[in-house]
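Q: 3D, please:
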Amino acid sequence: MATADTAHPQGRPRLLLSAFVMNTTSHIMGGQWRHPAAQQHRFNELELWTSLARQLEDAKFDVMFFADVVGLYGNDDGGWAPHVRRGMQVPANDPLILLGALAASTSNIGLAATSSVIQSHPFQFARQISTLDHLSRGRAAWNIVTSAAENAHRNFGDGLVAHDDRYAWADEYVAAAYKLWEGSWDDGALVQDKENGIHADPDKVHKIYHRGDRYSIDGPHLSAPSPQRTPVLFQAGSSGRGQQFCAAHAEATFMLSPNPAAAAEYTASVRRQAVAAGRLAGDVKFFQGLHFIVGSTEAEAARKAAELDEYLDSGALIAHIGGGAGVDLGGLDLDTPLGDFHTEGTQGHLDSLRKSVPGGNPTLRDVANFRSRAHRVLGTPEQIVDRLEEWQDAGVDGINIINQLIPDSYTDFIEHVLPELRRRGLAQQDYAEGTLREKLFGGGENGAGLNDRHPARGYRGAFTANSATAEQAREILEDAR
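A: Numbering: from 1, shown residues only. This is a model prediction of the structure:
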């Protein structure tokens with residue numbers, strides 16, 4: 001297999017490409033599922049996803065990235081009936097199970113699943129991810145989230161945990177998972193020596209005895225080390241505490257900056273914090289979320305945009321925005337200025353929404369329109385790639401491509417934008433050898449494993465006193481007393 005292209009002839013690196021999807025009908029662009037060409041309403045059908053995965057792999061995409069939620073968004077118009085009626089991320093299926101099927105349908109593309117720390121015990125989740133990494137031969141990635149929806153927390157506990165406390169929870173969760181992935185089994189522990197009847201070396205398998213505020217885990221990890229041990233780690237923290245977590249743990253971060261200037265500020269901030277945490281600035285890759293409307297001329301692109309806009313559901317966008325911020329904006333006239341809307345306890349969220357749209361005091365319609373177009377790149381292939389170079393100059397390493405229509409949004413990008421990216425040396429012609437981590441970061445250092453600067457590496461060799469051999473010897477000695 002050829003080595004992946006990594007640089008533009010004039011020194012510009014290639015852009016990493018990720019497809020941003022969700023195993024649901026309506027993900028980001030509310031209402032688009034009604035378009036005659038849209039197929040995302042078939043989200044329960046395996047063939048929809050295997051076909052898309054193969055299409056993306058044929059185009060040499062780096063990652064197929066699945067978003068997920070484990071609860072409803074906040075109320076809209078006094079309740080959650082609008083979410084059900086619109087199909088706004090409900091129903092939604094478990095991406096981790098789907099990725100197991102996609103592992104069998106593909107050979108090279110990375111498979112990223114979002115999983116919240118609230119939804120699965122770290123012992124169970126670590127085992128699931130190790131299994132996926134084994135079955136995919138090292139292509140698993142985990143998008144770490146803490147969940148901000150009240151309903152999600154009530155599905156697994158008593159109610160929404162405070163923002164900073166959610167990150168304290170995440171700190172313990174990843175530490176427990178790291179101990180299982182990195183510290184429970186030594187390299188070479190799985191011997192499988194048929195002649196001598198030794199399946200694994202008990203000197204090299206250890207319990208971890210994690211004891212924390214939320215979890216008590218003895219171990220050992222029931223999965224032997226997978227090709228990557230720890231999956232490639234994604235995270236999308238934008239708050240101060242979120243950025244701190246991202247800088248300490250993430251190998252890639254998904255961002256939705258409104259423009260390249262904001263992206264430059266965010267990427268620089270996280271990279272500074274990563275260096276302060278003992279990592280290198282290049283240890284974190286940045287993926288900007290964008291969606292594309294491409295035409296052979298500007299006029300054709302504008303026509304296609306107008307057609308898509310006919311199916312856009314502004315009410316769904318408002319419900320998504322308000323529900324994510326904990327503000328019920330449903331039932332209001334779309335021409336209501338946000339400055340005229342007041343409610344107890346939500347003014348901070350409203351101020352953030354006002355500031356997100358240029359012009360001072362936007363209406364709800366303005367907010368919906370801006371959100372639908374803020375991350376849209378429209379034009380000819382040459383114009384689109386020019387714009388992508390601006391994002392790259394702002395510190396972005398890759399693009400997380402949001403869809404309006406499945407599969408057409410990706411088909412259009414692959415058939416029209418990708419050739420121009422390749423002409424400029426900005427997209428790989430073929431996959432590099434190795435695991436997802438090796439494809440994203442190159443071989444070197446620890447190959448498929450995390451580099452030595454990542455905090456998880458500190459658990460390698462940390463539990464030798466708890467090996468099966470050592471613990472049995474101690475028990476025999478205790479019995480002898």
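Q: mind showing which ranges of this structure have poor pLDDT?
A: Scanning the chain with the threshold set as pLDDT under 70 gives 1-10, 324-326, 340-356, 360, 444-446.
Q: where exactly do the strands run in it?
A: 16-22, 63-67, 110-116, 140-145, 190-193, 198-200, 210-211, 216-217, 232-235, 252-255, 285-294, 376-379, 398-402 (DSSP state E).
Q: okay, those in CSV with distance to residue 370 and mean neighbour count next?
A: For the C-beta atoms, the positions are set from N, CA and C on the backbone; glycine is no exception. Output for those, formatted as CSV (distance: least, Cβ to Cβ, whole Å; neighbours: other Cβ atoms under 10 Å):
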stretch, distance to residue 370, mean neighbour count
strand 16-22, 19, 25
strand 63-67, 21, 26
strand 110-116, 25, 26
strand 140-145, 25, 25
strand 190-193, 54, 11
strand 198-200, 57, 13
strand 210-211, 45, 16
strand 216-217, 45, 16
strand 232-235, 26, 26
strand 252-255, 17, 25
strand 285-294, 14, 23
strand 376-379, 10, 19
strand 398-402, 15, 24
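Q: Of all the ones you listed, which one is nearest residue 83?
A: The closest of those to residue 83 is strand 16-22. By Cβ to Cβ, the value is 14.2 Å.
Q: Output that closest one as CSV, nothing but the C-alphas.
A: In CSV, the C-alpha atoms belonging to strand 16-22 read as follows (Å, rounded to 0.1, in the frame of the first residue of the first chain):
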residue,chain,number,x,y,z
LEU,A,16,-7.6,15.4,7.5
LEU,A,17,-11.2,14.5,6.4
SER,A,18,-13.9,13.2,8.7
ALA,A,19,-17.6,12.5,8.0
PHE,A,20,-19.8,13.8,10.8
VAL,A,21,-22.9,11.6,11.1
MET,A,22,-25.4,10.3,13.7
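Q: Need the contact partners of that strand.
A: With Cβ atoms under 8 Å, 6 or more residues apart in numbering as the contact definition, strand 16-22 has outside contacts at 27-28, 52, 56, 59-68, 89, 92, 95, 110, 112, 254, 285, 287, 289, 397-403, 406, 410, 427, 440.
Q: cool, stretch 268-280 as well?
A: 243-244, 246-248, 253, 281, 283-284, 286, 395, 453-454.
Q: By neighbours, which of the residues you listed wins?
A: When neighbours are taken as other Cβ atoms under 10 Å, the top entry among those is residue 246 (29 neighbours).
Q: My understanding was that residue 287 contacts residue 395; is that so?
A: No: Residue 287 is not in contact with residue 395 according to Cβ atoms under 8 Å; the separation is 11.5 Å.
Q: hey, what's in contact with both of these two?
A: Between them, residue 287 and residue 395 share no contacting residue, judged by Cβ under 8 Å, 6+ apart.
Q: Nearest the geometric middle of this protein, what residue?
A: Nearest to the geometric centre of the chain sits residue 143, at 3.9 Å (Cα atoms, centre = their mean).
Q: Pretty sure that one sits against residue 111.
A: No: the criterion here is Cβ under 8 Å, and residue 143 misses it with residue 111 at 11.2 Å.
Q: Can you report how many residues lie near residue 407?
A: Neighbours of residue 407 under the rule other Cβ under 10 Å: 19.
Q: Without its sequence neighbours, what residue ends up closest to it?
A: Spatial nearest neighbour of residue 407, excluding adjacent residues (Cβ to Cβ, 6 or more residues apart in numbering): residue 52 at 5.3 Å.
Q: OK, contacts around that neighbour?
A: So residue 52 contacts 19, 21, 64, 406, 407, 410 (Cβ under 8 Å, 6+ apart).
Q: can you list those residues in TSV and add distance to residue 267?
A: Compiled in TSV, the contacts of residue 52 are given as follows (distance: Cβ to Cβ, whole Å):
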residue	distance to residue 267
19	21
21	24
64	23
406	29
407	30
410	25
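Q: Which of those residues sits closest to residue 153?
A: residue 21 (24.8 Å).
Q: Show me what that closest one bridges to in the sheet.
A: Applying DSSP bridges to residue 21 gives these bridge partners: residue 66.
Q: how close does it sit to residue 443?
A: 29 Å (Cβ to Cβ, to the nearest Å).
Q: What count of nearby residues applies to the residue nearest to residue 332 when sequence neighbours are not counted?
A: Nearest residue to residue 332, sequence neighbours excluded (Cβ to Cβ, 6+ apart): residue 364, at 6.1 Å. The number of residues packed near residue 364 is 24, by other Cβ under 10 Å.
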